[in-house]
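Enquirer: kindly generate the corresponding structure for this input.
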Amino acid sequence: MRSQSHQSVTGTILVADDQPSNRELLEEFLSAQGFKVIAVEDGAAALEQVAKSQIDLMLLDVMMPSLDGFEVCKKIKSNPETDLIPVVLVTALSDRENRLQGIKSGADDFLTRPVDRTELLARVRSLLKLKFRTDELERAESVLFTLARSIEGKDPYTHGHCERLANYSAHLGRQLGLSKDEITALQRAGIVHDVGKIAVPDAILLKPGRLTEDEWTVIRQHPTVGERICAPLKSFRLVLPIIRHHHEKYDGSGYPDGLRAEAIPLSARILQIVDVFDALTTERPYKKALSIADAMQTIREEVSKGWWDPAIFGEFDRLIANDATGFAKGATASR
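Expert: Numbering: from 1, shown residues only. Okay, here's the model as predicted:
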């Protein structure tokens, strides 16, 4: 979808209605307003179009054969690839029960027949402007993720590290009963937690031997640099504390702020555990990969030194021991 000006937007609108006269009226009116319109006769055809076309907004008749508007809306909103497409339910029904059903199916708005053209245009333009902003946000996030992966890609020994951390931390977050938004933040942080390393010279970042104190000073700046890079994205509000604090330690000996115990955000404490686990179970130039059992024993010893949250490690230990989903199958060897 493209923004034409500050006053108007355009985009592709999918109209689904089993009545030809209704489809033709909506298609004619919306096309005259500068929108591209795809009109289909039922819910199944609507889902087919969404799968093969770039749709910016959907106008769904509720009373369609086979798949009604509620069912189509529910399928659209339950799919992560399409859940941000605004859906407007168009119906002759105006009773409270159907409105509630529409809300439960995830509808973004409602129009009641006979459709008022002024109201239709106002709601379509409002939702498309919101969709455009959402698309811009997704593009910005995509750039950040690409940047983070490019940093990871400099070192062949860390290939897949970001995805594994996103996966591990999400599983551990669910184990701890975190909310959907908090788990999403952990997944994002798994990808971008080290994006601040873009400011670290390759001579330091890829140095095979021990770092000097000056080099460590440079390395220790990457959490705050990463936080600044990601700060403009409002959707990263819950991600920023993870980026900044994933190198703190439970005993206060970490960086950049020397936070102790529960002063370290819970989400950062979660990422710490899985980050250490992945580092230990991955081969590096200076060490071989440990088995899962040996890695867990090493972390257990570090917990006893006061480095990591013992309660979170206990939950992670239980998650590994009961790994029915096989989420840790990328780690070396078997228990």
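Enquirer: packing partners of the helix or strand harbouring S126?
Expert: The secondary structure element spanning S126 is helix 117-153 (assigned by DSSP states H and E). Helix 117-153 is packed against helix 20-32, strand 57-61, strand 87-91, strand 109-112, helix 161-175, helix 180-192, with contacts defined by 3 or more CB pairs under 8 Å, 6 or more residues apart in numbering; DSSP states H and E. No exception for glycine: its C-beta is placed from N, CA and C like everyone else's.
Enquirer: cutoff 10 Å now
Expert: Judged by 3 or more CB pairs under 10 Å, 6 or more residues apart in numbering; DSSP states H and E, helix 117-153 is in contact with strand 12-16, helix 20-32, strand 57-61, strand 87-91, strand 109-112, helix 161-175, helix 180-192, helix 222-230.
Enquirer: and the nearest residue to L205 once chain neighbours are set aside, how many neighbours?
Expert: The shortest distance from L205 to any non-neighbouring residue, by CB to CB, 6 or more residues apart in numbering, is to K197 (6.0 Å). The local packing of K197 (other CB atoms under 10 Å) involves 23 other residues.
Enquirer: doesn't I204 make contact with K197?
Expert: Yes: using CB atoms under 10 Å, K197 is in contact with I204, at 9.4 Å.
Enquirer: joint contacts of those two?
Expert: By CB atoms under 10 Å, 6 or more residues apart in numbering, K197 and I204 have these common neighbours: 218-219.
Enquirer: that older thread, quick one: the helices and strands packed on helix 117-153 as CSV, columns for mean neighbour count and mean pLDDT too.
Expert: CSV is the format used below for the helices and strands packed on helix 117-153 (neighbours: other CB atoms under 10 Å; pLDDT from 0 to 100):
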stretch, mean neighbour count, mean pLDDT
strand 12-16, 23, 95
helix 20-32, 15, 93
strand 57-61, 27, 93
strand 87-91, 24, 90
strand 109-112, 16, 88
helix 161-175, 21, 92
helix 180-192, 21, 93
helix 222-230, 21, 93
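Enquirer: how far away is Q49 from I55?
Expert: Relative to I55, Q49 is positioned 7 Å away (criterion: CB to CB, to the nearest Å).
Enquirer: no, scratch that, I was asking about V37
Expert: Using CB to CB, one obtains 11 Å as the distance from V37 to I55.
Enquirer: next: D108.
Expert: Distance check for D108 against I55: by CB to CB, it reads 13 Å.
Enquirer: identify the contacts common to these two.
Expert: Counting by CB under 10 Å, 6+ apart, the common neighbours of D108 and I55 are 85-87, 131.
Enquirer: what is the nearest of those to L172?
Expert: The shortest approach to L172 among these belongs to I85, at 31.3 Å (CB to CB).
Enquirer: understood, closing this out.
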